[in-house]
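Student: quick one: sequence plus predicted model below, questions after.
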Amino acid sequence: MSTLLIDFLRSIPELQNENLEAIARAIPHIEAKKGDILQREGEVPKHCYFVLSGLVREYRIKDGRELTVEFYDEEMSTINSLAFERQVASPSYLECVEDSMLIAGSREVDQQNLETFPVLQKVVTRMLNSELVERKELYTNYQMASPKERYENLLATRPKLLQRVPQHQIASYLGVTPESLSRIRGRLSKA
């Protein structure tokens, strides 16, 4: 049983009076290595993920270029997609940027756990609602911001990410070329 999983479960207020060890035994989790591909474009996802430790990148390929959609780090969010919910081909790849420990939910096991541990329904609902609000806010802020403002926001909200991810992937995530990102960084360092 993973200590990381138990520690995560302890941090959830709704689970304070529950048998955490029984819940932890029922929740599937995996260790993935840096470079492991968890999901490929065109595959119907079998799992959704939650990062306990490590870093996962979601990206798409367009015109032969990788375009980073999101980075998922510790306890940030579930890695869930419309493709998983609808059981259709995924438009994205999921790749581990670092060695990672992940909760790996599947439709069958998740349903069984919700029946066995009804309190998990409250937890899942709260987490999904929170994720929805966060994603909407991120998307709105991204649309309204200039590339410089996007970078400044990333610096303010996720500074450690900049140390963990190659520069070209950060540029792709921000929607700029690596050269543009270098110029933005240069101007900010002089200010």
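Tutor: Perfect, thanks for sending it.
Student: which element follows the least confident helix or strand in the chain by mean pLDDT toward the C-terminus?
Tutor: Of all the helices and strands that make up the chain, strand 78-79 has the lowest average by mean pLDDT, DSSP states H and E, namely a mean of 71. Remark: after strand 78-79, the chain's next helix or strand is helix 82-86, criterion DSSP states H and E.
Student: now do that following helix: everything it contacts.
Tutor: The contact list for helix 82-86 (Cβ atoms under 8 Å, 6 or more residues apart in numbering) reads 44-45, 47-48, 88-92. No exception for glycine: its C-beta is placed from N, CA and C like everyone else's.
Student: what helices and strands are in contact with the helix or strand that it is followed by?
Tutor: Toward the C-terminus, helix 82-86 is succeeded by strand 93-96 as the next helix or strand (DSSP H and E). In terms of contacts (3 or more Cβ pairs under 8 Å, 6 or more residues apart in numbering; DSSP states H and E), strand 93-96 is packed against strand 37-39, strand 55-62.
Student: which among those is found nearest to I6?
Tutor: strand 55-62 (21.2 Å; Cβ to Cβ).
Student: pull the CA coordinates from the closest one and hand them back as CSV.
Tutor: Listed next in CSV are the C-alpha coordinates belonging to strand 55-62 (Å, rounded to 0.1, in the frame of the first residue of the first chain):
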residue,chain,number,x,y,z
LEU,A,55,4.5,15.2,-13.5
VAL,A,56,2.4,14.3,-16.6
ARG,A,57,2.1,16.3,-19.8
GLU,A,58,-0.9,16.2,-22.1
TYR,A,59,-0.1,17.1,-25.7
ARG,A,60,-1.5,16.8,-29.2
ILE,A,61,0.3,16.6,-32.6
LYS,A,62,-0.7,19.2,-35.2
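Student: from the chain's centroid, how far away is it?
Tutor: 10 Å (Cα atoms, centre = their mean, to the nearest Å).
Student: try stretch 5-25
Tutor: On Cα atoms, centre = their mean, the centre of stretch 5-25 falls 21 Å from that of its chain.
Student: tell me the buried residues in it?
Tutor: Residues of stretch 5-25 classed as buried: 5, 8-9, 12, 15, 20, 23-24 (neighbour count, 16 or more other Cβ atoms under 10 Å).
Student: can you turn the buried part of the contacts of helix 82-86 into a ChimeraX selection?
Tutor: Those of these that count as buried under 16+ other Cβ under 10 Å are selected in ChimeraX with:
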select :45,47,48,90,92
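Student: closest one of the contacts of helix 82-86 to G105?
Tutor: Once Cβ to Cβ is applied, the member of the contacts of helix 82-86 that ends up nearest G105 is C48, at 4.9 Å.
Student: got phi/psi on the closest one?
Tutor: phi -120, psi 160 (degrees, to the nearest 10).
Student: per-residue pLDDT, it?
Tutor: At C48, the pLDDT value in this model is 91.
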